[in-house]
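**Q** the sequence and its predicted three-dimensional model are supplied below.
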Protein chains: 2
Amino acid sequence: MMTDISLANGRVLPVFPQIALDEIEGGADRILRTVGLDFKDDPTSLEMLETLGARIDGSRARLDGERLREVIRANAPASFTWHGQGRDAALHCGGGDAIFAPVYGPPKVTRPDGSSRLGCLEDYREIVALCSQTPALQSTGFLVCNVHDVEKGDRHLEMAKAHLELSDKPFMGTIFGEKALAEVIDLAGGGEPEPGHCTLLHLINSTPPLVFQKNPLRCLRAASSLGEGCIVTSYMMMGATAPVTLMGAMTQGYAEVLAGLALTQLYRPGAPVVMGLYAVPFSMSTMQPVFGDPVSNLSQIAGIQLARRLGVPCRGDGGVTSSKVDDAQAGYESLAATQAAYFGGADFILHAAGWLENGRCTHLGKMQRDIEGLEALQAGADLGSTLQLS
Amino acid sequence: MMTDISLANGRVLPVFPQIALDEIEGGADRILRTVGLDFKDDPTSLEMLETLGARIDGSRARLDGERLREVIRANAPASFTWHGQGRDAALHCGGGDAIFAPVYGPPKVTRPDGSSRLGCLEDYREIVALCSQTPALQSTGFLVCNVHDVEKGDRHLEMAKAHLELSDKPFMGTIFGEKALAEVIDLAGGGEPEPGHCTLLHLINSTPPLVFQKNPLRCLRAASSLGEGCIVTSYMMMGATAPVTLMGAMTQGYAEVLAGLALTQLYRPGAPVVMGLYAVPFSMSTMQPVFGDPVSNLSQIAGIQLARRLGVPCRGDGGVTSSKVDDAQAGYESLAATQAAYFGGADFILHAAGWLENGRCTHLGKMQRDIEGLEALQAGADLGSTLQLS
């Protein structure tokens, strides 16, 4: 219904000109070649990078960016199927539709009446059930809040059970550790899916500047080796863990995710991956990242465009804000982030509902409001059906 | 910088398929032919419509929609120059760039500390000065709040003086009455501008359903006859003054603005015009329009597309919300409206900063925040320059 028509005035969200993307790729290649990246405590990964001509010095690997892109382009799927419970509940990641998932990671849960507490299993299950019920979220995510009332060693399993028992939708894996990761894959019936398919998507971040820490690296290897999916992201604080300029941060972050993505394809050619870049200004007065700043929306648009160049699905970040309460700032920043991710063309959009306080709290009132916003966005995208035209 | 590149995924704001626009135009023609419109207390306008074959019955005119479109397409400029103080301060309306103007019409003014009062001249001048200072607003608008401490007969002049004394930017005319309108045009040095130019833009609304009241009609005639500009809009309440469905409301509203636009070209061929359609759901529980609803954003996108078909510049509505305080709802709804207007392709975007309480209050805190949002939007649109690429 939407393909035969174009926007009246041709105004589009900001997009990076090719010359900017060229500069980012070229700069990243220079960083990879001259400075290199640190891969902590994982000799296996370093050995694998050597097969691509990396020069190893301790944990440091100096790399050839073009070789990394070659191995990604030759092996990583441009899109893949993400399975939920039963074959009917499958999503296609990278096929054109956006997949929205709730906030990931907050320790706290806040209710619409303002009461707040450290997350517990009861909260977790309530949030998963809520995310399962709304058609606006296609995945129930993972770690929708922490579960402080569960023993540390059991948390990943209780979380996974909540997703499996309360929803048919695809959800994400855990990165609490290699063993936990494998246990959740096992519980979800995943591992060794056919090529171009996965059961769980794992959130693997580099540690800017230019480091992959031991745990994410081993989780990246564990998940990819089993043929399961990874979202490889550089989450940068501009002026703290990355250059203060947008172009500088994008260049550093692209170097990081390029190496992470190439590793997945060395571990297991064809393993599903998603790429993400996100840069947040760091405030020298509060010593905190300033989520919701417009420059972060530009950073995710650049990330999406770079992922398209590479030929892999891309991550976006919706619903983020630095506001401490669900106020005008929260509404404005969240919608701006969601729209940048969606209209920028992200395939998988994390934090799309419930994020507050720089991601330290899952806010149930805001989650409901974010969901209503997503419903409006998705109804608009299917305007032909909405209008019930013949 | 932005022309050689396309969005990664091709996701765009909802746009109406041609079949929907055809249905709206066809339906409007049927309404014009069979029901007709009322033109109250203005025999001159009725006589002019007769020259287009209208059948007159009292104040009712039954019209041929195709003839109305013909006279508009043959005479109305596709774009025009809107002059401020001095030729340097001119805007091009319909040339591709969006013109943002502040909220229009509130009786009250609210300050960031929450204090609120009926607007006075001191408030008015403060708001005009603020709008003049920010590059994010290209026009200082008009009636940015009412001035209750000024005699009714002098208000339009005091308002116009504020715009003329405190800003170089183009501003809007008054529709307090024919005489007031002419006085402000005179004060601003307008009247009989060269073709394709105007000094003041006048906000002329139909009175749905299917009526043009005496005062707006006479103001429309007075402004157009002097060669000055008019924004002709149908501002509908779905379920109260228009059908409750979007397609129904668009059909009625298009019939109204088509007649209004055609009249301008009968009064003065070549007079600058802008077309707008805006439909707001009407709540049967609160008996109020619900500004900020997503369907209103679809209505303005339809209006923009219909204006493009007609070949005249189009109006959008940014920054609107039904929230009573500057809260999460206000932030979310305002940004969604502004983005729909901007990315939908509107040439002139009213209410882009400061609107609160269904338009009953100019909120200075929200105005500042809206302006910051517009700055981000406009910086993004010029990303090549922002990145300082070679």
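**A** That came through, no problem.
**Q** can you give me the strands for the stretch 101-250 of chain A?
**A** A:108-110, A:116-118, A:197-198, A:201-205, A:211-212, A:229-238 (DSSP state E, counting those that start in this stretch).
**Q** so for chain B, which of those sits nearest?
**A** Closest of the strands of the stretch 101-250 of chain A to chain B is strand A:108-110, at 13.0 Å (criterion: Cβ to the nearest Cβ). Any C-beta I mention is one placed from the backbone N, CA and C, and that applies to glycine too.
**Q** which strands or helices does that closest one pack on?
**A** Applying 3 or more Cβ pairs under 8 Å, 6 or more residues apart in numbering or on different chains; DSSP states H and E, we find strand A:108-110 packed against strand A:116-118, strand A:361-363, helix A:364-381.
**Q** list the buried residues of the longest one.
**A** Which is helix A:364-381. Neighbour-count burial for helix A:364-381, counted by 16 or more other Cβ atoms under 10 Å in any protein chain shown, picks out A:364-367, A:369-371, A:373-374, A:376-381.
**Q** run through those and flag the ones next to chain B.
**A** Filtering the buried residues of helix A:364-381 for proximity to chain B (criterion: Cβ under 8 Å from any Cβ of the partner chain) leaves A:366, A:369, A:373, A:376, A:379, A:380, A:381.
**Q** separation between the fifth one and residue B:246?
**A** Plainly put, residue A:379 is 11 Å away from residue B:246 if you go by Cβ to Cβ, to the nearest Å.
**Q** can you check the second one too?
**A** When distances are taken as Cβ to Cβ, residue A:369 and residue B:246 turn out to be 23 Å apart.
**Q** again, but for the fourth one
**A** Taking Cβ to Cβ as the measure, residue A:376 falls 13 Å from residue B:246.
**Q** avg pLDDT for stretch A:324-343?
**A** Computed over stretch A:324-343, the mean pLDDT rounds to 93.
**Q** chain center to that stretch: distance?
**A** Distance, stretch centre to chain centre, for stretch A:324-343: 17 Å (Cα atoms, centre = their mean, to the nearest Å).
**Q** mind listing what's buried in it?
**A** Under 16+ other Cβ under 10 Å, the buried positions of stretch A:324-343 are A:326-343.
**Q** same question, stretch A:209-220
**A** For stretch A:209-220, a neighbour-count test (16+ other Cβ under 10 Å) marks A:209, A:210, A:211, A:212, A:215, A:216, A:217, A:218, A:219, A:220 as buried.
**Q** can you add distance to residue B:352 and pLDDT and give those residues back as CSV?
**A** Formatted as CSV, the buried residues of stretch A:209-220 follow (distance: Cβ to Cβ, whole Å; pLDDT from 0 to 100):
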residue, distance to residue B:352, pLDDT
A:209, 40, 98
A:210, 42, 98
A:211, 44, 98
A:212, 45, 98
A:215, 47, 98
A:216, 44, 97
A:217, 48, 97
A:218, 51, 97
A:219, 46, 98
A:220, 46, 98
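**Q** would you list the residues you listed in JSON lines and tack on distance to chain B?
**A** Putting the buried residues of stretch A:209-220 into JSON lines (distance: Cβ to the nearest Cβ, whole Å) gives the following:
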{"residue": "A:209", "distance to chain B": "21"}
{"residue": "A:210", "distance to chain B": "22"}
{"residue": "A:211", "distance to chain B": "27"}
{"residue": "A:212", "distance to chain B": "26"}
{"residue": "A:215", "distance to chain B": "31"}
{"residue": "A:216", "distance to chain B": "26"}
{"residue": "A:217", "distance to chain B": "29"}
{"residue": "A:218", "distance to chain B": "32"}
{"residue": "A:219", "distance to chain B": "28"}
{"residue": "A:220", "distance to chain B": "25"}
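**Q** helices of chain A, start to end?
**A** Assigned by DSSP state H, the helices in chain A fall at A:18-34, A:43-50, A:65-75, A:121-133, A:155-166, A:178-187, A:214-225, A:246-267, A:294-310, A:328-344, A:364-381, A:383-386.
**Q** can I assume residue A:201 is in contact with residue A:232?
**A** No: applying Cβ atoms under 8 Å as the test, residue A:201 and residue A:232 come out as separate, 10.8 Å apart.
**Q** contact residues of the stretch 251-390 of chain A facing chain B?
**A** Counting by Cβ under 8 Å from any Cβ, the stretch 251-390 of chain A comes close to chain B at A:294, A:297-298, A:304-305, A:308, A:314, A:326-336, A:339, A:342-347, A:366, A:369, A:373, A:376, A:379-381, A:383-384, A:387, A:389-390.
**Q** let's see it at 6 Å
**A** Residues of the stretch 251-390 of chain A lying close to chain B (Cβ under 6 Å from any Cβ of the partner chain) are A:294, A:304-305, A:308, A:326-328, A:330-332, A:335, A:343, A:345, A:376, A:380, A:383-384, A:387, A:389.
**Q** residues making contact with stretch A:247-262?
**A** The contact list for stretch A:247-262 (Cβ atoms under 6 Å, 6 or more residues apart in numbering or on different chains) reads A:24, A:27-28, A:31-32, A:37, A:68, A:71-72, A:206, A:209, A:232, A:234, A:236, A:238, A:242-243, A:273, A:275, A:277, A:279, A:302, A:306, B:387.
**Q** pull the CA atoms of that stretch into PDB?
**A** Provided in PDB are the C-alpha atoms of stretch A:247-262 (Å, rounded to 0.1, in the frame of the first residue of the first chain):
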ATOM      1  CA  MET A 247      32.800  11.700  14.000                       C
ATOM      2  CA  GLY A 248      35.500  10.800  16.400                       C
ATOM      3  CA  ALA A 249      33.300   8.600  18.500                       C
ATOM      4  CA  MET A 250      31.800   6.900  15.500                       C
ATOM      5  CA  THR A 251      35.200   6.100  14.200                       C
ATOM      6  CA  GLN A 252      36.300   4.500  17.500                       C
ATOM      7  CA  GLY A 253      33.100   2.600  17.900                       C
ATOM      8  CA  TYR A 254      33.000   1.300  14.400                       C
ATOM      9  CA  ALA A 255      36.500  -0.100  14.900                       C
ATOM     10  CA  GLU A 256      35.300  -2.000  18.000                       C
ATOM     11  CA  VAL A 257      32.100  -3.500  16.600                       C
ATOM     12  CA  LEU A 258      33.900  -4.500  13.300                       C
ATOM     13  CA  ALA A 259      36.300  -6.600  15.300                       C
ATOM     14  CA  GLY A 260      33.500  -8.100  17.400                       C
ATOM     15  CA  LEU A 261      31.400  -9.000  14.400                       C
ATOM     16  CA  ALA A 262      34.400 -10.500  12.600                       C
END
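**Q** any idea of the mean pLDDT in it?
**A** If you average the pLDDT over stretch A:247-262, you get 98.
**Q** off-centre distance for it?
**A** Remark: stretch A:247-262 is offset 14 Å from the chain centroid, using Cα atoms, centre = their mean.
**Q** the residue in the stretch 201-350 of chain A positioned nearest to chain B: neighbour count?
**A** Residue nearest to chain B within the stretch 201-350 of chain A (Cβ to the nearest Cβ): residue A:345, separated by 2.7 Å. Neighbours of residue A:345 under the rule other Cβ atoms under 10 Å in any protein chain shown: 23.
**Q** in the stretch 101-250 of chain A, where is pLDDT below threshold?
**A** Of all residues in the stretch 101-250 of chain A, none has pLDDT under 70.
**Q** which parts of it sit against chain B?
**A** residue A:247.
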